[in-house]
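S.K.: Turn this into a structure:
(3 chains)
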Amino acid sequence: MPELPEVETIRRDLAHAVVGRAITAVEWLDARIVRGDVEGAELAARMVGRQGAAVARRGKFLVWRFTSGEGLLLHLGMSGRLTVGPRSDEAWPRHTHLVVALSSGAVVRLVDPRRFGRVAWLAAPAAGPGGMGPEPLSPRFTAESLGRILAGRRAPIKAVLLDQRRVAGLGNIYVDEALFRARLHPARPAGSLGAREVGALHRAIRRVLRDALADRGTTFMDYRDAHGQRGEHAAHLGVYGRAGQPCRRCGAPIVRVVVAARGTHLCARCQPAGAHGGSDTEVSGRRG
DNA sequence: AGATGATCCTGTATGC
DNA sequence: TGCATACAGGATCATC
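M.R.: Purely as a prediction, here's the structure:
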């Protein structure tokens, strides 16, 4: 499923194709994926003639910004693919929901079998999607800010990390990977982490995301980049999708449990449930 | 306020 | 072999 590294990879590919290019036609827009105040036909009409200014990313959202100051908000859900390529005479793939023709002759396509993805018209894309937590790869995301996010919360740390209002861009794969790297059990209450553990988690989140980005994302099943190519990071995952296989660190079998209503992969030896970090000082009390 | 659960959706995997 | 069912999960909305 597209998380921050996958969406960022697509953002870069898409930016090359659409910045400085005008939209000449919206050849197809399935109204069922359109959200927001502007409905499908009107949204398609508004896109035609707009010129691409930039492609931005916020968490797992993409914003196709136009020189007009407006923009198109895109989310790929679980199975969404956003591709760019030459116009083709071949039939569109099943579950094609959006086809946009550009002045370059290229065509942008959104294909999403499970249809959890969505598009929406943005009158002022500078605002972008609101209510989201910090970008984990930005300098503003520090161990201290992560500590404030986790402090006092009794919810499992995995639930907090998956919550886009707390930290933007993490999904099931990279939360499991980051917790493994930081040697933290996903069901630990978020507020129970000591300062040293928070620091380890902060480093792990950034390292995991950077490594995956360098590999152009993780392809498990659906994900492809904007050129239809697979990401290469799956071969380097520590725990996700590796249930029953030996831990790369200690050799114990990776187990799959359910935490925060999500399939969760961990090494029970490296990530003990009761660990509290020895002399570490617990982060507690009020946030802010 | 904050956390949990249901909902959407279809391809894939499992069970009988 | 074939059919039916369970399962996967990101975000949103309703309900504790």
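S.K.: How about the helix ranked longest in chain A and DNA strand C, any contact?
M.R.: When chain A is scanned for its longest helix (criterion: DSSP state H), the result is helix A:195-214. No: counting by CB under 7 Å from any atom of the strand, DNA strand C has no neighbours in helix A:195-214; the shortest distance is 13.5 Å. Where you see a C-beta, it was placed from the backbone N, CA and C, and this is true even at glycine.
S.K.: Near DNA strand C, which residues of the stretch 1-150 of chain A? Just list them.
M.R.: A:1, A:3, A:59-61, A:75, A:77-79, A:114, A:116, A:129.
S.K.: Can you list which of those are found in helices?
M.R.: Among these, no member falls in helices (DSSP H).
S.K.: Would you mind giving those as a markdown table with pLDDT, neighbour count and distance to DNA strand B added?
M.R.: Rendered in a markdown table, the data for these read as follows (pLDDT from 0 to 100; neighbours: other CB atoms under 10 Å; distance: CB to the nearest atom of the strand, whole Å):
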| residue | pLDDT | neighbour count | distance to DNA strand B |
| --- | --- | --- | --- |
| A:M1 | 78 | 19 | 12 |
| A:E3 | 92 | 22 | 17 |
| A:G59 | 92 | 23 | 17 |
| A:K60 | 92 | 23 | 15 |
| A:F61 | 93 | 21 | 17 |
| A:H75 | 93 | 20 | 12 |
| A:G77 | 90 | 17 | 8 |
| A:M78 | 87 | 17 | 7 |
| A:S79 | 88 | 18 | 8 |
| A:R114 | 88 | 12 | 4 |
| A:F116 | 90 | 14 | 6 |
| A:P129 | 75 | 18 | 17 |
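S.K.: Strands of the stretch 1-150 of chain A, start to end?
M.R.: Using DSSP state E, counting those that start in this stretch, the strands found in the stretch 1-150 of chain A span residues A:23-29, A:34-35, A:52-58, A:61-66, A:71-75, A:81-86, A:96-102, A:106-111, A:118-122.
S.K.: Figure out which of these is closest to A:Y240.
M.R.: For A:Y240, the closest of the strands of the stretch 1-150 of chain A is strand A:81-86, at 20.1 Å, according to CB to CB.
S.K.: Where does pLDDT dip in the stretch 101-250 of chain A?
M.R.: Applying pLDDT under 70 to the stretch 101-250 of chain A flags the ranges A:125-128.
S.K.: what residues does the stretch 151-288 of chain A put near DNA strand C?
M.R.: Counting by CB under 7 Å from any atom of the strand, the stretch 151-288 of chain A sits next to DNA strand C at A:162, A:164, A:171-173, A:262-263.
S.K.: want to try a markdown table for the residues of the stretch 1-150 of chain A next to DNA strand C, with distance to A:L29 as columns?
M.R.: Output for those, formatted as a markdown table (distance: CB to CB, whole Å):
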| residue | distance to A:L29 |
| --- | --- |
| A:M1 | 23 |
| A:E3 | 25 |
| A:G59 | 24 |
| A:K60 | 21 |
| A:F61 | 18 |
| A:H75 | 15 |
| A:G77 | 16 |
| A:M78 | 20 |
| A:S79 | 18 |
| A:R114 | 18 |
| A:F116 | 17 |
| A:P129 | 20 |
